[in-house]
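Sequence and predicted structure below; questions after.
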Amino acid sequence: MKRRNFITVLGTTVLAAPVLGSLTSAAAEQKTFSGHVFPELGYAFNALEPYIDARTMELHYGKHHRGYYDKFMAAAESANLLKTPMPEIFAQVSKYSETIRNNGGGYYNHLLFWENMTPQKSEISSALKAAIVKDFGSYEEFVRQFSTAAKTQFGSGWAWLSVDRNKKLFVSSTPNQDNPLMDIVAQRGVPLLALDVWEHAYYLHYQNRRPDYVDNFWNIINWQVVDSRYQKALG
Ligand code: MN3
């Protein structure tokens, strides 16, 4: 195998997808976790245009995400969390500082977000679609709930599709950089699909039109990644 077929994700060398390789599922890396790594973006800054513009991607990934990562790493070193996987930290995040919660969330949420987008057309798997129909009534109802969560989250935050401990899918939104893995959120679960609705995610291109940004997100979802997170969560 050629060397360029390998990328480093979360401190582990893994086989990269052959074409425009997206990041390997973060959750799948937990078994071999050896440290918190700033991820490579699996596509070019302009790859998601016209839905997300290149300048937004460049700033969002290079400045915002990087800033969360750097601040998290400094705090994680002080708190002796450099070898603790993020889901473990989040499971007892109430014990840690606001710095760990906000920057750890910022680090991890963006990692999930980049990974669950793709410039390539992607179709939802029949298994995940069937589960969505079972838990939401219809695929359209899931889209409506997720879009509403994203559009109505007041101020900065995220919209999520997650699976709970009873293996039931649910939609939620969280403020700031909180996520469904945290022990402080109302509805806990394993996140499968993440959408950043902070203004920095869309303002350059969409200004105040968050609903347009949310509606366009459906064109760039990487359903293969969402499905692999789902399969992993089911165990
Ligand atoms: Mn962001």
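Yep, it's here. Numbers count the residues shown, from 1 in each chain.

Pick out the residue of the protein closest to the ion.
Asp196 (4.2 Å; C-beta to the ion). From N, CA and C alone the C-beta is placed, and that goes for glycine too.

I figured that residue hits Phe113, correct?
Yes - counting by C-beta atoms under 8 Å, Asp196 does reach Phe113; the two are 5.3 Å apart.

quick one, which of those two is more surrounded?
Asp196 (26 against 19; other C-beta atoms under 10 Å).

what are the bridge partners for the more buried one, then?
On the basis of DSSP bridges, Asp196 is bridged to Trp158.

how far away is it from Ser125?
Noted for Asp196: a distance of 24 Å to Ser125, by C-beta to C-beta, to the nearest Å.

what residues go with each domain of this protein?
Domains of the chain are assigned by automatic domain parsing as 9-115, 126-234.

and the last one, average pLDDT?
Average pLDDT, domain 126-234: 98.

What residues sit buried inside stretch 136-152?
Across stretch 136-152, burial judged by 16 or more other C-beta atoms under 10 Å covers 136, 142, 145-147, 149-151.

so can I have JSON lines of the residues you listed showing secondary structure and distance to the ion?
What follows is the buried residues of stretch 136-152, written out as JSON lines (DSSP: H, G, I helix; E, B strand; the rest coil; distance: C-beta to the ion, whole Å):
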{"residue": "Phe136", "secondary structure": "helix", "distance to the ion": "26"}
{"residue": "Phe142", "secondary structure": "helix", "distance to the ion": "23"}
{"residue": "Gln145", "secondary structure": "helix", "distance to the ion": "22"}
{"residue": "Phe146", "secondary structure": "helix", "distance to the ion": "18"}
{"residue": "Ser147", "secondary structure": "helix", "distance to the ion": "18"}
{"residue": "Ala149", "secondary structure": "helix", "distance to the ion": "16"}
{"residue": "Ala150", "secondary structure": "helix", "distance to the ion": "13"}
{"residue": "Lys151", "secondary structure": "helix", "distance to the ion": "17"}
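
need the residues you listed in a markdown table with distance to Ile89, can you?
Formatted as a markdown table, the buried residues of stretch 136-152 follow (distance: C-beta to C-beta, whole Å):
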| residue | distance to Ile89 |
| --- | --- |
| Phe136 | 30 |
| Phe142 | 29 |
| Gln145 | 28 |
| Phe146 | 26 |
| Ser147 | 30 |
| Ala149 | 24 |
| Ala150 | 25 |
| Lys151 | 30 |
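
All the helices of this structure, residue numbers only.
54-59, 66-78, 86-91, 98-115, 126-136, 139-152, 203-206, 210-217, 223-234 (DSSP state H).

what comes up buried for stretch 167-178?
Across stretch 167-178, burial judged by 16+ other C-beta under 10 Å covers 169-174, 176-178.

what's the closest of the helices of the chain to Arg188?
helix 86-91 (8.9 Å; C-beta to C-beta).

tell me the contacts of Gln153?
Taking C-beta atoms under 8 Å, 6 or more residues apart in numbering as the criterion, Gln153 is in contact with 159, 173-175, 197.

Could you tell me how many residues sit around the residue lying closest to Asn46 once chain neighbours are set aside?
Spatial nearest neighbour of Asn46, excluding adjacent residues (C-beta to C-beta, 6 or more residues apart in numbering): Ala54 at 3.8 Å. The burial count assigned to Ala54 is 15, neighbours taken as other C-beta under 10 Å.
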